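Undergrad: take this sequence and fold it.
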Amino acid sequence: MSVSSTHYDAVIIGAGMSGLAAAVRLGMYGQKVLVLERHNSPGGLNSFYARGLRKYDVGLHALTNWVPEGTKGAPLIKLMRQLRIKREELDLCPQFGSRITMAGKNLRLTNRFEDLVADVAQEFPQHVDRFLALDHYLSSLDETALKASGGSARALLDESLAHPLLRDMLLLPTCFYGSAIEDDIEVSQFAVMWRSLFKEGFARPFIGVRQVIRLLLDRCREYQVERRMKCGVRRLVIDGRRVSALELDDGSTITATRVYSSAGLVETQRLRSDKSPSAEVTQIGRLGYAETISTYRVDTFTDFGWKDTIVFFCDAESFSYRSPLGLVDPQSGVICIPNHYHYGQGRQLEEGWLRVTALANHDAWCHLPESEYIAQKTYWLNQLNRVARNHLPVVSDSIHDGALTSTDVFTPRTVRKFTGHLNGAIYGSPTKKRDGRTDVDNLFLIGTDQGFLGVTGAMLSGISMANLHGLKSLTA
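TA: Alright, predicted model coming up:
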């Protein structure tokens, strides 16, 4: 094996939010850092792509953990401080208002926890005290602890609330935005979601995820982080308990003092020279999504009467969060309207946008012949849009279709192709490594399978692991 003379203090696998944030943090302290990305676009699960002049966000419905200016100690504030990002640089615009809807009941998510409490009191008057006691308990947990306790949030909610519908309405958004476990979410992760969705809230940069990626790339350039796109890692050469070299897709080989991987727990293990290419089969995540994206003439769209920012819906008697037997489960999901943020006077998106997300079966999508795959994407685009419109003010088919300007659909097959996540699992493996450690001394996990999720969580994951496994000794 021919090893190049190039040695790095840190090599980061993946130019997603966690990888770029880790690179910025390490680069601030003079570390020689290389970011490797197999694809040609940064951002990972939260990226964008262009078709003509139209740019589509992928992943980002909202940047969670939004708090008003002047709030102290919040995750978003910590993130900005650690990356030296000013609030105005993020250009965050708070939501109009979102809701959870199921069985004829609605719970508002408005960036004001008091509104959610008021709705619980109205819809479930006998259980509001239990809800407040649950909030007190979850608020006492350190949701960012690197040795967070496990346990079932479903079981916790059953014990705390003793009301199946209220339980399901609280599981609905937290699972869709942060669980790799079927029909449940781990308690520590639920505490993270409780704070980020219910106690804090939703905002969006005016131009979407591009704003966040642009800031991270600017900081990478500022701190002389090297970045190689369209060049992934073919193999991690393991010598004893260390990564001794990294063999890259372009045939070159480099060395590093530390390696941070955002590829995923199983995906990273399968890169190792001492592991089978089919290792860790039982740890592969099963939960994939399909998402439809539709754009509309903005002059017509504003007359539709759609006011929600995000709607978490369930049309079944009970909430099921598991890989469906068919291609898509349309009984529950997320409706997102990116236009519905307070962008400020004189600013609006040039088109109306509607995004609908639902659970999907990776294997079923991947087994389709190409012609049938395309046909099913069209079918489910129409089906999910109809489902979404059942939860929004009625618009006639003729007006709706006449205003439509573009559509697109992504499936678990798409996610696997562009992120490398096995099974197209959005939230990776059900097993998380909160301290980022592996059994290889200089190999660490960041991102999805470290366990901090969402855009804010992903960046905090990269920051936390860079601090713990790279900067701690330098700044002690």
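Undergrad: from one end of stretch 346-362 to the other, what's the distance?
TA: 42 Å (Cα to Cα, to the nearest Å).
Undergrad: what does stretch 271-289 give?
TA: End-to-end span of stretch 271-289 (Cα to Cα): 25 Å.
Undergrad: what comes up buried for it?
TA: Across stretch 271-289, burial judged by 16 or more other Cβ atoms under 10 Å covers Leu271, Arg272, Glu280, Gln283, Ile284, Gly285, Arg286, Leu287, Gly288, Tyr289. All C-beta atoms are positioned from the backbone trio N, CA, C, and that covers glycine.
Undergrad: what's opposite the last one in the beta bridge?
TA: It refers to Tyr289. Leu359 (DSSP bridges).
Undergrad: make 45 the starting number, not 1.
TA: Taking 45 as the first residue, the last one we looked at is Tyr333.
Undergrad: out of the buried residues of stretch 315-333, which comes closest to Gly245?
TA: Tyr333 (22.2 Å; Cβ to Cβ).
Undergrad: distance check, the closest one against Pro217.
TA: To Pro217, Tyr333 is 14 Å away according to Cβ to Cβ, to the nearest Å.
Undergrad: what of Arg128?
TA: Arg128 sits 31 Å away from Pro217, going by Cβ to Cβ.
Undergrad: those two: which is more packed in?
TA: Pro217 (22 against 13; other Cβ atoms under 10 Å).
Undergrad: packing partners of the helix or strand Tyr52 falls within?
TA: Element membership for Tyr52 (DSSP states H and E) is strand 51-57. If you count contacts as 3 or more Cβ pairs under 8 Å, 6 or more residues apart in numbering; DSSP states H and E, strand 51-57 packs onto helix 61-72, strand 77-81, strand 297-305.
Undergrad: okay, buried residues for that strand please.
TA: Quick answer for strand 51-57 (16+ other Cβ under 10 Å): Tyr52, Asp53, Ala54, Val55, Ile56, Ile57.
Undergrad: over to stretch 217-228?
TA: Neighbour-count burial for stretch 217-228 [16+ other Cβ under 10 Å]: Pro217, Thr218, Cys219, Phe220, Tyr221, Gly222, Ser223, Ala224, Ile225, Asp228.
Undergrad: ok, back up a step: among the buried residues of stretch 315-333, which lie within strands?
TA: Of the buried residues of stretch 315-333, the ones assigned to strands by DSSP state E are Gly332, Tyr333.
Undergrad: contacting residues for the nearest residue to Gly332 once chain neighbours are set aside?
TA: Leaving aside its chain neighbours, Gly332 sits nearest to Pro456 (3.2 Å; criterion: Cβ to Cβ, 6 or more residues apart in numbering). Counting by Cβ atoms under 8 Å, 6 or more residues apart in numbering, Pro456 touches Gly332, Tyr333, Ala334, Ala404, Asn405, His406, Trp409, Cys410, Asn467, Gly468, Ala469.
Undergrad: phi and psi next, for Pro456.
TA: Pro456 adopts backbone torsions of phi -60, psi -30, taken as degrees, to the nearest 10.
Undergrad: distance of it from Pro474?
TA: Using Cβ to Cβ, Pro456 is found at 16 Å from Pro474.
Undergrad: thinking again about what came up before, can you list the buried residues of strand 51-57 in a markdown table and add distance to Phe246?
TA: Listed next are those as a markdown table, based on distance: Cβ to Cβ, whole Å:
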| residue | distance to Phe246 |
| --- | --- |
| Tyr52 | 37 |
| Asp53 | 37 |
| Ala54 | 33 |
| Val55 | 34 |
| Ile56 | 28 |
| Ile57 | 30 |
